[in-house]
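[1] what would the 3D arrangement of this be:
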Amino acid sequence: MRTISPAPSDSAGRRRLHAADDDSPRDYRRLAYLLLIGAACTAFRFLPLGIDPRAHSALAVGAFMIACWMTQVLDHGVSGILGCFLFWMFGIARFETAFSGFADSSAWFLFGAVCFGIMGSKSGLARRLAYVVMRGIGSSYPRLLLGLIVSNFLLTAIVPSGIARVVIMAAIAMGLVEAFGLAKGSNIARGMFIVLVYQATIFDKMLIAGASSITARGAIEKYGEVTVLWSQWFLAFLPCDIIVMVIAWRLTLWLYPPETVELPGGSNFLRQQLNQMGSWSALEVKTALLMLIAIGFWITDFLHHIPPPMIGLGIGLVAIVPGIGVLDTKDVRTINFLPIFFVAAAVSLSNVLVQTKALDVITGALFAWMTPHITGTWVSTMVLYWSAFLYHIVIGNEIAMLATSLPILMTFAKTHGIDPLALGMIWTFGAGPKVFIYESAVLVVGYSYGYFSNKDMLKVGAILSVATALILLLLVPLYWPLIGIGR
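    Numbering: from 1, shown residues only. Next up, the predicted model:
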């Protein structure tokens with residue numbers, strides 16, 4: 001007998017109807033934007049630019065993908081797959097080229113990084129480490145703020161996803177705000193959240209951990225034809241990490257002076273949180289061992305030369321093996337593969353642009369004005385850094401920006417006899433500092449908690465962007481040659 005579901009109540013039916021009504025205008029607007037982007041890119045294809053038709057078509061589809069990523073009319077992963085399909089459908093590239101990014105190590109490195117994030121969250125290891133660090137630093141607000149900043153940095157290698165780190169650290173920060181007895185609009189709340197969220201976006205560039213640095217590493221190795229060591233990248237930016245943490249700490253205390261200095265309950269609050277977590281579980285021990293193995297291999301890659309993606313993906317897969325790892329099939333099913341598809345599609349886009357020689361067209365337009373200025377190390381560093389900074393404001397998505405511009409930059413470096421690794425690292429780092437929330441999904445997620453405003457982001461972002469530029473100006477000519485970069 002067929003069962004009949006109970007009819008929804010009138011109130012439930014009205015709520016569902018109102019929800020549908022609320023979604024419809026938004027869907028129609030997104031559809032209108034999508035059609036407008038498609039029409040603009042189609043019109044671009046028929047402009048009399050005097051370039052090869054195949055390259056012209058590749059540029060049109062590439063512009064469509066980037067515009068969709070900037071406006072977010074579709075999910076980034078969906079937009080990427082759609083673009084790959086258009087490359088294939090219009091005969092711009094063969095299937096194996098149009099979808100070549102899915103066979104690239106960058107996308108699967110990110111899969112391993114996602115597995116790391118799930119391990120850290122599921123086992124509770126990430127939260128435990130954060131509380132331990134903060135308890136060791138102190139219970140006053142300045143010390144707690146420093147503890148949050150240091151924990152955020154240390155978690156970068158363990159939880160490579162900036163969004164995942166924001167979620168983990170936000171839970172801790174909200175607990176601290178509540179312990180202080182303050183509201184969202186308080187200086188303590190605003191200061192903690194803005195510095196945590198902002199630093200989550202730049203720490204990803206200082207370690208080969210997040211999707212953007214992973215994408216950059218793949219592009220530098222492929223198009224620059226140089227080896228990118230995890231350890232060398234880490235050492236190159238380590239002084240910058242330390243200095244930025246100190247500057248961000250002092251800047252936050254200055255811009256957002258705390259209403260109260262001492263945490264009510266002091267260190268007892270942190271001790272209580274750790275006591276509630278209990279002793280180390282088997283999951284935490286396994287997670288810690290796997291992550292220590294991965295970090296150990298990454299730090300010593302100058303000895304064994306095992307590619308970082310192989311290590312990341314290998315440990316991620318070991319974590320899923322029954323009886324050995326800490327994840328199961330249910331955990332894997334919860335993985336959102338669209339960000340992985342997005343990275344793969346961004347790599348595919350760069351591959352298609354290279355094969356069709358469309359990148360040659362972009363090279364002339366993008367780097368013509370930069371050539372006279374890339375002379376000495378000091379000037380070149382600033383030109384590259386601020387060019388990447390401004391270019392990212394236009395593109396609005398760092399992965400799309402890096403995937404499409406780094407191949408051009410690597411070609412430029414080889415043509416002019418400049419170290420591709422140095423240029424690639426400066427350019428990648430230039431994509432880190434931000435002043436607008438739309439520039440990063442990490443910022444969007446952090447902003448959604450409602451603890452800071454656009455004005456806060458603009459103020460803190462502008463100051464730290466200048467600070468990181470000055471730090472880089474000293475590191476590149478004075479420190480990087482000592483570790484084999486830019487010599």
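[2] hang on, residue 125 packs against residue 290?
    No. Here residue 125 does not reach residue 290: they are 10.2 Å apart, not a contact under CB atoms under 8 Å. Every residue, glycine included, has its C-beta placed from N, CA and C.
[3] of the two, give the one with the bigger neighbour count.
    Neighbours around residue 125 and residue 290, counted as other CB atoms under 10 Å, are more numerous at residue 125. The numbers are 24 against 21.
[4] where does the more buried one land on pLDDT?
    Listed pLDDT for residue 125 reads 80.
[5] same question, residue 243
    With respect to pLDDT, residue 243 scores 93.
[6] check contacts around it.
    In this structure, residue 243 makes contact with residue 471, judged by CB atoms under 8 Å, 6 or more residues apart in numbering.
[7] and what of the one 5 residues further on?
    By CB under 8 Å, 6+ apart, the contact list for residue 248 reads 149, 195, 198, 199, 464.
[8] for the closest residue to residue 182 other than its chain neighbours, list the residues it contacts.
    Nearest residue to residue 182 in three dimensions, chain neighbours excluded: residue 188, at 5.5 Å (CB to CB, 6 or more residues apart in numbering). For residue 188, the contacting residues are 141, 176, 177, 180, 182, 256, 258, 259, 260, by CB under 8 Å, 6+ apart.
[9] quick check on these: which are buried?
    When burial is judged by neighbour count using 16 or more other CB atoms under 10 Å, the buried members of those are 141, 176, 177, 180, 182, 256, 258.
[10] and which of the residues you listed is nearest residue 404?
    Nearest to residue 404, judged by CB to CB, of these is residue 256 at 36.9 Å.
[11] what does stretch 85-96 contact?
    In this structure, residues lying in contact with stretch 85-96 by CB under 8 Å, 6+ apart are 54, 57, 58, 61, 64, 97, 98, 99, 348, 352, 355, 356.
[12] what do you get for stretch 130-141?
    143-144, 146-148, 150-151, 154-155, 168-169, 172, 180, 188, 258, 260-263, 266-267, 269-271, 273-274, 277.
[13] buried only: go through these for me.
    143-144, 146-148, 150-151, 155, 168-169, 172, 180, 188, 258, 263, 269-270, 273.
[14] now name the helix or strand holding the residue nearest to residue 182.
    Using DSSP states H and E, residue 188 falls within helix 187-206.
[15] how far out from the middle of the chain is that helix?
    Averaging C-alpha positions (CA atoms, centre = their mean, to the nearest Å) puts helix 187-206 13 Å from its chain's average.
[16] got it, and stretch 379-395?
    Centroid displacement of stretch 379-395 relative to its chain, using CA atoms, centre = their mean, is 17 Å.
[17] list the buried residues for that stretch?
    Neighbour counts over stretch 379-395 (16+ other CB under 10 Å) mark 380, 381, 382, 383, 384, 385, 387, 388, 389, 391, 392, 395 as buried.
[18] so where's the stretch 151-300 of the chain uncertain?
    Within the stretch 151-300 of the chain, the stretches with pLDDT under 70 are 160-161, 164.
[19] again, only using 80
    The stretch 151-300 of the chain contains residues with pLDDT under 80 at 155, 157-172, 174-176, 178-181, 204-205, 209-211, 263-270, 273, 295, 298-300.
[20] residue boundaries of the strands in the stretch 51-200 of the chain?
    For the stretch 51-200 of the chain, strands defined by DSSP state E, counting those that start in this stretch do not occur.
[21] which residue ranges of it form helices?
    All helices of the stretch 51-200 of the chain, identified by DSSP state H, counting those that start in this stretch, fall at 53-71, 76-89, 95-98, 105-123, 125-137, 141-158, 162-180, 187-206.
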